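Asks: Below is the structure, and that's it, no one-letter string:
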């Protein structure tokens, strides 16, 4: 089963609004990463947050990590039509293979 | 720097055939990993190579194999194709594995008829 569970599965908002996506995972992690995927294309890395970090920012993106609750959130502020994409969280386990375990993703639609 | 390059972009094969996909990582990256993406199963890890050695393998049958060359370029091969192998196959590279961000290629869309 997937390590990461994302919520919601789909989100539709108006341009200019903020979008929040959540990710929960099951086992201890080394880091958690967020990726964006435009339809049928490769994934683009957004932010990596390590297990000893609680919050990271990159432009309009803010990621939080709560290791006690095994959860993370991605906030996109002042959304734009170009933000329309699928967003995935992925975890790198502390004791595990050199692989990322992906959630099922959140499909974000920004309406003009 | 050039990004991760995957070829071909699209492939159409029939059941029973075999296929080879290619991935050229970013220069200087020694770790190359492969993922399969389908609507039903999402993104699933196939395998990861580092300096020509397979370090990790996902839960896929032996029909799925790969290798990495001395220049870090990687290939994956799927033999005896099945309809369920239809998927987007993504390659990703990094300097040293998943303790840092991965750079993904645009993928190879494989359709098995």
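Replies: Now that the structure is in, tell me what you want to look at. Note that the structure is a prediction, hence the values are computed from the model and not measured.
Asks: in the chain, what spans have low per-residue confidence?
Replies: With no chain named, the answer covers chain A. A:1-3, A:96 (pLDDT under 70).
Asks: Hmm, no, I was thinking of chain B.
Replies: Using pLDDT under 70, chain B drops low at B:1.
Asks: who touches the spatially most central residue of it in this structure?
Replies: Against the mean C-alpha coordinate of chain B, by C-alpha atoms, centre = their mean, the closest residue is residue B:34 at 3.4 Å. By C-beta atoms under 8 Å, 6 or more residues apart in numbering or on different chains, the contact list for residue B:34 reads B:23, B:45, B:46, B:47, B:48, B:66, B:74, B:76, B:89, B:90, B:91, B:92. C-betas here are computed from N, CA, C, even on glycine.
Asks: top of those by neighbour count?
Replies: Counting neighbours by other C-beta atoms under 10 Å in any protein chain shown, residue B:91 comes out on top of the contacts of residue B:34 with 29 neighbours.
Asks: could you measure the nearest residue to that residue once chain neighbours are set aside against residue A:41, distance?
Replies: Spatial nearest neighbour of residue B:91, chain neighbours left out: residue B:23 (3.5 Å); criterion: C-beta to C-beta, 6 or more residues apart in numbering or on different chains. As defined by C-beta to C-beta, to the nearest Å, residue B:23 lies at a distance of 15 Å from residue A:41.
Asks: buried sites along stretch A:74-92?
Replies: For stretch A:74-92, burial by neighbour count (16 or more other C-beta atoms under 10 Å in any protein chain shown) applies to A:74, A:76, A:79, A:83-92.
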